[in-house]
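*Asks:* Turn this into a structure:
(2 chains)
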2 protein chains.
Amino acid sequence: MTDSADAPPPPRSANVAPPSVPVVGMVGGGQLARMTSQAAIGLGVGFRVLAGSAAESAAQVSAGTWLGDYRSLADLRDFAAGCDVLTFDHEHVPGPHLAALEQDSVQVRPGAAALRFTQDKLEMRERLTGLGAACPRFAPVRAIAEVEEFAAGSWPVVLKAVSGGYDGKGVWVCDSAADAADVLAHGAVLAGEVGLIAEEYVAFDRELAVLAARSPHRQGAVYPVMQTVQRDGICREVIAPAPGLAPGRAAQAQELALRIAAELGVTGLLAVEMFETPAGLLVNELAMRLHNCGHWTIEGARTSQFEQHLRAVLDLPLGSPALAAPVAVMANVLGGDDEDVYDRYIHVMAADPAVKVHMYGKPVRPGRKIGHVTVTGDANHRDPAELADRARRAASYLRWGKEHGE
Amino acid sequence: MTDSADAPPPPRSANVAPPSVPVVGMVGGGQLARMTSQAAIGLGVGFRVLAGSAAESAAQVSAGTWLGDYRSLADLRDFAAGCDVLTFDHEHVPGPHLAALEQDSVQVRPGAAALRFTQDKLEMRERLTGLGAACPRFAPVRAIAEVEEFAAGSWPVVLKAVSGGYDGKGVWVCDSAADAADVLAHGAVLAGEVGLIAEEYVAFDRELAVLAARSPHRQGAVYPVMQTVQRDGICREVIAPAPGLAPGRAAQAQELALRIAAELGVTGLLAVEMFETPAGLLVNELAMRLHNCGHWTIEGARTSQFEQHLRAVLDLPLGSPALAAPVAVMANVLGGDDEDVYDRYIHVMAADPAVKVHMYGKPVRPGRKIGHVTVTGDANHRDPAELADRARRAASYLRWGKEHGE
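*Replies:* Below is the predicted model:
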């Protein structure tokens, strides 16, 4: 319904920041950058996004959009020249580029030395094990015999690309040696472009996540432990704090996240995804950035993850990670068959005037994350199951329309 | 994983809104538009700002900035052509322009018929009186004899410009007939360009404000009654809900605001400023827009006033106006002598990790509103005086630096 073809593009140099405030440059124009832009507006700091196109989620809304390719060192250098701090909404910037930027004295946060643990799963596993953090059993594998030896007759086994992946995937759950052989037979693996590790398939009770922040001054802050629900590799629902989690285990999870952040030298946010098992906690994945598991903090915590990340990379004192509500539930909105999501706002908002809708401005494709909703509790409504039901219902309406509740 | 690394969608000419969402155009590029842009990003609706320059508060941050003059009907028409709904961050668009836009079938919200009550104080007073809403005693005045007759020996008397004002002022508290004569002697008054009304000077106990929203479908929603503190004509502090307000009086104030919104045909927000006196409530001023008194709703209510205004002008179901915390206090940050506000963030944030800082990106000038801070309570901290002290301290640090606490 809009056409800004005849709108003068705002001048690039003049409108990003008022005088005397630093400019944070975020590489990547997805929804994480989009929501960070909201936090930057509130803090009154400058904010720029390096996006691949003006149609990307953050580029649609941020006056500080630069177009460029994060795989190009020249583009990264041009972008960084106008920023005081460089940070990221994804982890795909090539490590050598990060190192080159640091050699240029760009403030890269998190830095290349920390980010490589998110770009190399074998290094990550070895480092975590060295720290005494419990992980699923793992081993690098090159041949099917090594996978079979790792499995020792007990399937499934998880194969993961050490870095990147192929065909859009980086994780394969293999129910048999034949499945594993299919993964190993891919050209990229055979050519040595994609290294693999095998990991024990963990029969977890549930998945938990912890989000911590750390600043260059080494201040740390950690949010309450969350319960996450993933389906088909996509985060579907987060409940904070994790219902019924033993206080001792919650403290252990938070301490672990703060320790990993400190030991790995993270600046900004660190998300630690964990499995809760009868034997205790196992670290599943690390991410050094804003994370889907923390979207509930916009309404549910004193400081949103987006504001916290900005404070951390700017080396400002961190904000309080305390709960602002007794419980918060976030549900992701996935694209369905019908593109006209706006047409369904009326139903969602009429049905539940307190649900918070966050949409990302992304074209609808089936199964794609296009937004999220959050429901927070209060003194009279603190049952996570009730709140989760409201959040799921709203997300489902936005996906399918009222005739197609999931 | 973010979707930032997905194959980019085909380039589009428009970068303001994704397909199939309406575009709200806001006339005025001040901090109210700036904070509305944050809410529009969350809702995933299109948002444009008509600003006078790229340096204005909202223009700095919003990708949907158009440059133009709100006093020019041609500029307004150009701007409106790209928007589905037109709304405002101030009340200064000339009434005849609003009427002309409506004749063009532009959706102007609030409409010209409602906005004229904010542009003509005499019409406003007469209409409110007609509705039975108690107001300070008033009379139109042209000559000093009429002011003296109105005063009947009891000073001070308040003179107000019916519309606009001069020398940047529209309200004069006159302690004597001589003071009033000075106001009347101004060229603009003598020339008949500025009409005046005299109003009783109200010795109030305190000032209250109520913020209501109303949609074209005639749905209404009202926030809890607030206590406001003004100094030198500038809002300095807001406490919500108003401490110690009798429940019956709170209900009366809320009903009054909803009734005024309905009777005057407001779409969007209506702020009603009131005096609380021993004899009851008197209506002081009306504003049909986002309002400084409602900034606390960003953290303190389920739906911020900015989201609520967007929902109202888009004719979406209104959001819950319920408190998200037992009490919230907002303090405005005024410019001081030192321009380097950012240098003081570290003190404010280190001293109080839970205070929420909102800065507007405006050049610092002494006495000018350049931001606000909000502190919200919780189950253990619900004393408005304690929260107000924290908010005042943070605002004062941002104004003066730590050596110059007010």
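*Asks:* buried set for the helix or strand of chain A with the lowest mean pLDDT?
*Replies:* Using mean pLDDT, DSSP states H and E, helix A:187-190 stands out as the lowest-scoring helix or strand of chain A, at a mean of 89. Using 16 or more other CB atoms under 10 Å in any protein chain shown as the test for burial, helix A:187-190 gives A:V189. Glycine gets a C-beta too; all of them are placed from N, C-alpha and C.
*Asks:* OK, contacts around the closest residue to chain B within the stretch 101-250 of chain A?
*Replies:* In the stretch 101-250 of chain A, the residue that lies nearest chain B is A:A221 (8.0 Å; CB to the nearest CB). Contact partners of A:A221, counting by CB atoms under 8 Å, 6 or more residues apart in numbering or on different chains, are A:212-214, A:308, A:318-321.
*Asks:* What is the neighbour count of A:L128?
*Replies:* Residues within reach of A:L128, counting by other CB atoms under 10 Å in any protein chain shown, total 22.
*Asks:* Just say helix, strand or coil for it.
*Replies:* What DSSP: H, G, I helix; E, B strand; the rest coil gives for A:L128 is helix.
*Asks:* That one contacts A:V283, correct?
*Replies:* Yes - counting by CB atoms under 8 Å, A:L128 touches A:V283, with 5.7 Å between them.
*Asks:* Excluding chain neighbours, what is closest to the residue of the stretch 101-250 of chain A closest to chain B?
*Replies:* Nearest residue to A:A221, sequence neighbours excluded (CB to CB, 6 or more residues apart in numbering or on different chains): A:L318, at 4.2 Å.
*Asks:* where does that neighbour fall, phi/psi-wise?
*Replies:* Main-chain dihedrals, A:L318, degrees, to the nearest 10: phi -70, psi 150.
*Asks:* give me the number of residues near it?
*Replies:* 23.
*Asks:* Give the residues shared as contacts by A:L128 and A:V283.
*Replies:* If you check A:L128 and A:V283 against CB under 8 Å, 6+ apart, the residues they both contact are A:135, A:260.
*Asks:* Helices of the stretch 151-300 of chain A, start to end?
*Replies:* A:177-184, A:187-190, A:247-263, A:297-300 (DSSP state H, counting those that start in this stretch).
*Asks:* hmm, who's touching the least confident helix or strand of chain A?
*Replies:* Contacts with helix A:187-190, where a contact means CB under 8 Å, 6+ apart, come from A:166, A:183-184, A:194, A:196.
*Asks:* Nearest to A:P136 among those residues?
*Replies:* A:L196 (14.7 Å; CB to CB).
*Asks:* so the closest one touches A:A185, yeah?
*Replies:* No - counting by CB under 8 Å, A:L196 stays clear of A:A185, with 11.8 Å between them.
*Asks:* Neighbour count: the two, which is higher?
*Replies:* Between A:L196 and A:A185, counted using other CB under 10 Å, A:L196 has the larger neighbour count: 24 against 10.
*Asks:* and the most centrally placed residue in chain A, what does it touch?
*Replies:* By CA atoms, centre = their mean, the mean C-alpha position of chain A lies nearest to A:H291, the distance being 2.6 Å. Neighbour list for A:H291: A:209, A:211, A:269, A:271, A:305 [criterion: CB under 8 Å, 6+ apart].
*Asks:* Find me the pLDDT at it, would you?
*Replies:* The model reports A:H291 with a pLDDT of 97.
*Asks:* Same check on the one 5 residues further on?
*Replies:* A:W296 is assigned a pLDDT of 98 by the prediction.
*Asks:* With pLDDT added, can I get the contacts of A:A221 in a markdown table?
*Replies:* Listed next are the contacts of A:A221 as a markdown table, based on pLDDT from 0 to 100:
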| residue | pLDDT |
| --- | --- |
| A:A212 | 98 |
| A:A213 | 98 |
| A:R214 | 98 |
| A:Q308 | 98 |
| A:L318 | 98 |
| A:G319 | 98 |
| A:S320 | 98 |
| A:P321 | 98 |
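*Asks:* quick one: the residue nearest to A:A221 and A:R302 touch, right?
*Replies:* No - between A:L318 and A:R302 there is no contact, the gap being 10.8 Å when judged by CB under 8 Å.
*Asks:* Overlap in contacts, the two.
*Replies:* Here A:L318 and A:R302 have B:P353 as joint contacts, going by CB under 8 Å, 6+ apart.
*Asks:* Buried ones in stretch A:394-403, by neighbour count?
*Replies:* Buried residues in stretch A:394-403, counting neighbours by 16+ other CB under 10 Å, are found at A:394-401.
*Asks:* from those residues, which ones fall inside helices?
*Replies:* Among those, DSSP state H puts A:394-400 in helices.
*Asks:* now, which of these sits nearest A:A203?
*Replies:* The nearest member of these to A:A203, counting by CB to CB, is A:A395 at 27.6 Å.
*Asks:* dump the residue contacts of that closest one.
*Replies:* So A:A395 contacts A:331-334, A:372-373 (CB under 8 Å, 6+ apart).
*Asks:* Just the helices from the stretch 1-150 of chain A, written as ranges.
*Replies:* A:31-43, A:73-81, A:95-103, A:112-119, A:121-130, A:144-151.
*Asks:* just how off-centre is the last one within its chain?
*Replies:* Put simply, helix A:144-151 sits 32 Å off its chain's centre (CA atoms, centre = their mean, to the nearest Å).
*Asks:* Great, nothing more from me.
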